[in-house]
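[1] pasted the sequence and its predicted model underneath.
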Amino acid sequence: MAATVVDRFIDEVRSAVAEAPDAAAAVDRVVPLMRTLAGDRSWIRPEYYEVDADQGFGIVVLHEEPQDGFLVETICWAPGRGVAPHDHRTWGVVIGLDGREVNVDWRRLDDGKVPGRATLETAAETVVEQGVVKTFAPADIHSIRNASDRPSLSLHVYGRNLAKLDRSEFNPLAGTEAPCPKRAKKQANTE
């Protein structure tokens, strides 16, 4: 049964995170677990490919750990859609399941002392496709876009629940920083 695979994964992530002394160690311990889960496609459901037309992507929450613990979700990006540069303020690991997502890492050039202002430049680009892993430290800034003509699906694990964090979104052309919008999410159907 598909839920058994995901439940086992969540238990393994819980153990890995509990034993990790810091964010870097948590990432190192979660990556192989995600590779194993991504190699078994039995748990992937059609609902994970549903996209919120207004957002341009759909998020399905597979697990939210209590007390602001880790978060596990899938994100499906519509063709040609994505999100502006943003931070997570926690560690994260993403693995591609289907399609191609272009992740752009951004480097902040200013010191962050002027509220609402930020100067960014592109630093690197990673194409996340099936089996490709992308990791994030709490201070990292990145943007995502699906540059293909079909949906892309990825699995995400974050050290904390993103909905409970005061994160930032950036506009590199305008040189601005603003609160990251809250994203619409659906809870996974566990039946």
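    Noted; the coordinates are in hand. Numbering: from 1, shown residues only.
[2] right, and the helix or strand after whichever helix or strand residue 95 is part of?
    Element membership for residue 95, per DSSP states H and E: strand 92-98. Using DSSP H and E, the helix or strand that directly follows strand 92-98 along the chain is strand 101-108.
[3] tell me the buried residues in that next one?
    By neighbour count on 16 or more other C-beta atoms under 10 Å, the buried set for strand 101-108 is 101, 102, 103, 104, 105, 106, 108. No exception for glycine: its C-beta is placed from N, CA and C like everyone else's.
[4] what comes into contact with stretch 47-65?
    Defining contact as C-beta atoms under 8 Å, 6 or more residues apart in numbering, one finds that stretch 47-65 is touched by 6, 10, 14, 70-78, 81-83, 151, 153, 161, 183-189.
[5] mind checking the end-to-end distance for it?
    Stretch 47-65 has an end-to-end distance of 22 Å (criterion: C-alpha to C-alpha, to the nearest Å).
[6] low-confidence ranges in the protein?
    Applying pLDDT under 70 to the chain flags the ranges 1-3, 190-191.
[7] can you tell me the centre-most residue of it?
    Centroid check for the chain by C-alpha atoms, centre = their mean gives residue 156 as the closest residue, at 4.4 Å.
[8] each with direction, which strands does the one helix or strand that one maps to pair with?
    Assigned by DSSP H and E, residue 156 belongs to strand 152-158. Partners of strand 152-158 in the sheet, by DSSP bridges, are strand 71-77 (antiparallel), strand 92-98 (antiparallel).
[9] count of residues packed around residue 66?
    The number of residues packed near residue 66 is 6, by other C-beta atoms under 10 Å.
[10] for it, helix, strand, or coil?
    Three-state call for residue 66 (DSSP: H, G, I helix; E, B strand; the rest coil): coil.
[11] and it, how far is that from residue 164?
    Distance, residue 66 to residue 164, using C-beta to C-beta, to the nearest Å: 12 Å.
[12] overlap in contacts, those two.
    Contact criterion C-beta under 8 Å, 6+ apart; residues shared by residue 66 and residue 164: none found.
[13] any idea what residue 74 is bridged to?
    For residue 74, the beta-bridge partners are residue 60, residue 155 (DSSP bridges).
[14] buried residues in stretch 40-47?
    Using 16+ other C-beta under 10 Å as the test for burial, stretch 40-47 gives 43, 44.
[15] compute the first-to-last residue distance for it.
    End to end - C-alpha to C-alpha - stretch 40-47 spans 17 Å.
[16] name the SS class of the residue of the chain most remote from its centre, please.
    Centroid-distance maximum for the chain: residue 114 at 27.5 Å, with C-alpha atoms, centre = their mean. Taken by three-state DSSP, the conformation at residue 114 corresponds to coil.
[17] would you quantify the distance from it to residue 177?
    Distance, residue 114 to residue 177, using C-beta to C-beta: 9 Å.
[18] what does the strand holding residue 95 contact?
    Taking contacts as C-beta under 8 Å, 6+ apart, the residues outside strand 92-98 that touch it are 27, 30-31, 34-35, 38, 41, 44, 74, 103, 128-136, 151-159.
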